[in-house]
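In: Pasting a predicted model and its sequence here:
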Amino acid sequence: MADGDSEAFLSIREVSKTYRTLSKGTTVALTPSSFDIGAHEFVSIVGPSGCGKSTLLNILAGLLAPTTGEVVLESRPITGPDDRVGLVFQRPVLLPWRKVIDNVTLPIEVKKLRPKQAYVDKAYQLLEMVGLKGFENAYPSELSGGMQQRASIARTLVYDSRLLLMDEPFAALDAMTRDEMNVELLRIWRAQKMTIVFVTHNIPEAVMLSTKVIVMSARPGRVREIIPVELGERGLDLTGNPEFGRIVSHIRGLLDQPERGAQP
Amino acid sequence: MNSLITRERLGDVLFALGSIAVTLLLWEGIVRYFQIPAFLVPPPSDVARALMRNADLYRVHLGYTLLATVIAFFVALVLGIAMGTLTAEVRLVERTFSPILIALQSAPRIALAPMVIVWFGFGITSKVVLGVFTAFFPVFLNVSHGLAAIDREQVRLMQSLGASPLQIFFKIKLPASLPFIFAGANIALIFAMLSVIVAEFVGSNRGMGYLIVNQSNQLDTTGVFASVTVLAGVGLVFHYTLQAVRRRLLFWATDSESLGSGL
């Protein structure tokens, strides 16, 4: 904790991404951006499409190399897919030919983690933790959309990842399941003491879940504003809180009015 | 749930047997009623008698045909999967071989049967070669289609876990394209048997194709029908065996029965 102030848990330093294509020349997906995220924070990223949030998430996941700058996690840079990082997709992406438990243990096989039995035990515990006890030997097609997404979260937690990246993980779920999953996610976040970066289109969802909301804007993709959310106890009942409403409308305002006539 | 499936399957089998029985009865009745001569269309009872009387003959010739068919099928399966994978995964291979393979695929390959006999002789080799030559394509095409239809997100998931290309192939691509491989294998098995029989027509001194040519030369129509019945029976056994294996391996695949192209 002593030197924790100078070294953030996750540090994004002058990270940018430029694509070169034959048809359009160069496209700036993300202008140089810098910010820090502390340990055990829950950070949401909101913004219109084309704001570079997916690019940023892919860079954090090590799936995309930044054009400039670097990402440093716990004092070590991220240079490729990393055991310290877990990625949850918009769809659960479970392999239909594997039982739920075999889907959760997939990272153990791929990463050849040892001792294997300890990790398999952990996989069973995680399934229980996400509320899928009794479904270990079911096949993904026998699970509802929400249950499948829970299994996919267990899959990213099984290999001791400390940073959980979530790419609109509940966008494909119906509104009620979505609320339920948000509450679940908060519980998992507290129980596992991890750091979450959560990309979403849904502003109230972002404010309800997060300790910090990063608002991005498009053309070129950049970080517009970083808004701390201090609302005390989190949960669905927050929606009635006046401070909650104020932050939501502030973000909405940011997204509605473009600066410097950037919009066509 | 298991017993439900078995009961359903049993029903299917009974229904199939029933429809075959009705067809045979109709056939027998029509031939007898119109007094059609046996050298044109023999009644099924005659065919059955011929089958029983010459059971050993059919067993021996079928043995040769089956051996060639099974070898051709497995060689075609291995080659088809290997080439399908290479063309889907390696751009250079795709660009080099695709034009050749497309040209070969559109050609009536079975027409090469006489040449195959000239090249590879009267023995089993020529039968296997022609069988492989025709059965390769449905496997190859389906495998390359299957690999092209892979869920990109599944690959991205594996990449995010730091998986090697080999791990991605064996844990994602191969199992995901299994339904396609099966669709191809189904057609390949039929093609292999057809080609072996055609090759036996053209040049052989054994096998079902040889037997059928002999029988028809002697105007032994009942014998020809008996031979065809034997082959139909084998076809049914092949079909249901593949179905059973498919159900075992591909329980997770949503109805992909209609998958795959013949050619």
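Out: Looks like it came in fine.

In: For the closest residue to chain A within chain B, list the residues it contacts.
Out: Nearest residue of chain B to chain A (CB to the nearest CB) works out as residue B:162 at 3.7 Å. Using the backbone N, CA and C atoms, a C-beta is placed for each residue, glycine as well. Applying CB atoms under 8 Å, 6 or more residues apart in numbering or on different chains to residue B:162 gives the contacts A:80, A:81, A:82, A:83, A:110, A:111.

In: List buried residues within the residues you listed.
Out: Using 16 or more other CB atoms under 10 Å in any protein chain shown as the burial test, the contacts of residue B:162 include A:81, A:82, A:110, A:111 as buried.

In: Can you check the pLDDT for the residue of chain B closest to chain A?
Out: What the model reports for residue B:162 is a pLDDT of 93.

In: likewise residue A:264?
Out: 42.

In: How about residue B:220?
Out: For residue B:220, the model assigns a pLDDT of 92.

In: Got phi/psi on it?
Out: With angles defined as degrees, to the nearest 10, residue B:220 shows backbone torsions of phi -90, psi 70.

In: what number of residues lie near it?
Out: Residue B:220 has 19 neighbouring residues, counting by other CB atoms under 10 Å in any protein chain shown.

In: Check the gap between residue B:11 and residue B:18 for me.
Out: Distance, residue B:11 to residue B:18, by CB to CB, to the nearest Å: 10 Å.

In: quick one on the thing from earlier: can you sort out which of the buried ones among the contacts of residue B:162 also neighbour chain B?
Out: When contact is defined as CB under 8 Å from any CB of the partner chain, these meet chain B at A:81, A:82, A:110, A:111.

In: Tell me which stretches of the chain form helices.
Out: Using chain A here. Assigned by DSSP state H, chain A shows helices spanning A:53-60, A:100-104, A:106-111, A:116-129, A:145-157, A:175-192, A:203-209, A:242-256.

In: meant chain B, my bad for not saying
Out: Secondary structure of chain B, counting by DSSP H: helices at B:2-33, B:44-53, B:55-89, B:91-106, B:113-120, B:124-148, B:152-160, B:165-168, B:174-176, B:178-202, B:208-217, B:221-249.

In: now those helices in TSV, with mean neighbour count?
Out: Below are those laid out as TSV (neighbours: other CB atoms under 10 Å in any protein chain shown):
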stretch	mean neighbour count
helix B:2-33	11
helix B:44-53	16
helix B:55-89	19
helix B:91-106	12
helix B:113-120	16
helix B:124-148	25
helix B:152-160	19
helix B:165-168	14
helix B:174-176	18
helix B:178-202	25
helix B:208-217	20
helix B:221-249	16
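
In: Turn these into TSV, including distance to chain A.
Out: Listed next are the helices of chain B as TSV, based on distance: least, CB to the nearest CB, whole Å:
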stretch	distance to chain A
helix B:2-33	14
helix B:44-53	43
helix B:55-89	17
helix B:91-106	17
helix B:113-120	39
helix B:124-148	14
helix B:152-160	4
helix B:165-168	6
helix B:174-176	5
helix B:178-202	8
helix B:208-217	38
helix B:221-249	9
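
In: rewinding a little: from the buried ones among the contacts of residue B:162, which is closest to chain B?
Out: Proximity of the buried ones among the contacts of residue B:162 to chain B (CB to the nearest CB) peaks at residue A:81, which lies at 3.7 Å.

In: and that closest one, what does it touch?
Out: Taking CB under 8 Å, 6+ apart, we find residue A:81 in contact with A:61, A:62, A:63, B:159, B:160, B:161, B:162.

In: Residue A:123 versus the last one, what's the distance?
Out: So the one you mean is residue B:162. Look at residue B:162 and residue A:123: by CB to CB, they are 18 Å apart.

In: you'd agree residue B:230 is up against residue B:60?
Out: No: the pair residue B:230 / residue B:60 is not scored as a contact, 11.6 Å apart, by CB atoms under 8 Å.

In: Quick check: residues of the stretch 1-150 of chain A near chain B?
Out: Neighbours of chain B within the stretch 1-150 of chain A, by CB under 8 Å from any CB: A:61-63, A:80-83, A:85, A:87, A:89, A:91, A:93, A:95-97, A:106-107, A:109-111, A:139, A:141.

In: which outside residues touch stretch A:23-32?
Out: Contacts of stretch A:23-32 (CB under 8 Å, 6+ apart): A:14-21, A:52, A:55-56, A:59, A:66, A:68-69, A:220-222.

In: Quick check: residue B:183 touching residue B:141?
Out: No: using CB under 8 Å, residue B:183 makes no contact with residue B:141, being 9.8 Å away.

In: one step back: nearest to residue A:170, out of the helices of chain B?
Out: helix B:152-160 (16.1 Å; CB to CB).

In: Okay, now the unreliable bits of chain A?
Out: Low-confidence segments of chain A (pLDDT under 70): A:1-6, A:258-264.

In: what about residue B:122, how many neighbours?
Out: Neighbour count of residue B:122, defined by other CB under 10 Å: 16.

In: ok now do it, which residues does it touch?
Out: Contacts of residue B:122 (CB under 8 Å, 6+ apart): B:203, B:204, B:205.

In: just the buried members of those residues?
Out: Buried, going by 16+ other CB under 10 Å: B:203, B:204, out of the contacts of residue B:122.

In: quick one: which of the contacts of residue B:122 is nearest residue B:35?
Out: residue B:204 (36.4 Å).

In: correct me, but the closest one touches residue B:211?
Out: No: in this structure, residue B:204 is not within contact of residue B:211 by CB under 8 Å, at 9.5 Å.

In: returning to what we had before: tabulate the contacts of residue B:162 in a markdown table, adding columns for distance to residue B:91.
Out: Formatted as a markdown table, those follow (distance: CB to CB, whole Å):
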| residue | distance to residue B:91 |
| --- | --- |
| A:80 | 23 |
| A:81 | 24 |
| A:82 | 29 |
| A:83 | 31 |
| A:110 | 25 |
| A:111 | 29 |
